[in-house]
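S.K.: here is a sequence with its predicted model. Questions after.
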Amino acid sequence: MAILPLLIIVIIIIAIVRLSKRSGRKNTFFGKQIRWIFGGYLAILVICAGLSPWLPTNGKTYKTIDVKQLDNENMKLYETVLKGNIDKVDSKYIKKTWNLDNQDQQLAITTPNEEFINMSIIVERKTVNDGEIEAVYYKLGSSVNGMDISDLEKPLQLKIEKNTVRIENPERLTLEFTQFQQAFPINQFTGKGGFSNSNNFYEGNSILYLKVPKDLKINAPSELNVQYVE
């Protein structure tokens with residue numbers, strides 16, 4: 001299929017040349033022009049193919065990642081934590097852990113200025129009131145146009161002090177990407193299209209898991225997604 005455009009061009013050139021021959025000698029010059037144009041076009045293709053490996057590739061490259069795989073990992077992590085099976089979670093997803101003494105009867109979860117926080121908060125109650133809170137922050141990978149940007153993405157900011165958990169959005173991250181593609185003469189034979197004007201961003205789940213004393217009261221604003229272990 002890659003040589004189909006070239007075959008079409010060859011067929012058109014042959015047809016034009018044959019028609020010019022049938023119309024008489026006056027069109028001989030026209031036929032030569034067509035052959036020169038076709039030969040020049042082929043020369044451009046050869047030059048482009050030879051120069052392609054020498055295109056500049058400075059800068060960092062990012063490994064590709066399957067978005068479907070990310071989505072499956074996100075769902076699996078969420079379901080595993082929601083069931084309280086944190087011992088089965090891969091340690092690569094753990095970004096930070098805390099162990100806090102808490103002798104109060106309640107724990108407040110707050111956000112600055114009622115900001116929207118894209119995080120799931122999952123709470124597991126212990127069978128005893130031991131005065132200790134165990135917290136784990138999980139974060140899965142993210143991608144842009146199929147490129148893994150997990151190392152670039154900044155995590156949510158969590159501040160846990162005494163009887164308050166404060167959750168803040170991360171600093172805004174600006175990403176600039178440069179992409180190279182083959183010239184049109186090459187792409188028309190490889191079957192690859194040009195650049196797309198759309199970008200696909202996939203953000204991995206952020207999960208805060210809290211294991212709290214049996215009778216500890218959780219106070220959180222309604223806009224936060226707080227769930228309890230099934």
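M.R.: Ah, there it is. Residues are numbered from 1 along each chain as shown.

S.K.: and this protein, what are its domains?
M.R.: 4-54, 67-171+183-228 (automatic domain parsing).

S.K.: worst average pLDDT in the ones you listed?
M.R.: For the domains of the chain, mean pLDDT drops lowest on domain 4-54, to a mean of 60.

S.K.: in the protein, which spans are strands?
M.R.: Using DSSP state E, the strands of the chain run over 94-101, 106-110, 120-125, 132-139, 143-144, 147-148, 157-161, 164-168, 201-202, 206-212, 217-219, 225-228.

S.K.: keeping just the C-alphas, turn the fourth one into CSV.
M.R.: Below are the C-alpha coordinates for strand 132-139, written out as CSV (Å, rounded to 0.1, in the frame of the first residue of the first chain):
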residue,chain,number,x,y,z
GLU,A,132,-2.9,6.5,65.8
ILE,A,133,-3.6,7.5,62.1
GLU,A,134,-1.8,5.7,59.3
ALA,A,135,-1.9,7.7,56.0
VAL,A,136,-0.6,6.6,52.5
TYR,A,137,-0.6,8.7,49.4
TYR,A,138,-0.9,6.8,46.1
LYS,A,139,-0.3,8.3,42.6
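
S.K.: packing partners of it?
M.R.: Contacts defined by 3 or more C-beta pairs under 8 Å, 6 or more residues apart in numbering; DSSP states H and E place strand 132-139 against strand 94-101, strand 157-161, strand 206-212. C-betas here are computed from N, CA, C, even on glycine.

S.K.: residue 67 is nearest to which of the strands of the chain?
M.R.: Across these, residue 67 has its closest neighbour in strand 201-202 (5.2 Å, C-beta to C-beta).

S.K.: who does the closest one pair up with?
M.R.: strand 143-144 (antiparallel) (DSSP bridges).

S.K.: show which residues not belonging to the partner strand make contact with it.
M.R.: For strand 143-144, contacts defined as C-beta atoms under 8 Å, 6 or more residues apart in numbering pick out 65, 67, 70, 149-150, 175, 177, 199-202.

S.K.: in helices only, show me those.
M.R.: 67, 70 (DSSP state H).

S.K.: out of the contacts of strand 143-144, what pair is the most spread apart?
M.R.: 70 and 177 (18.4 Å).
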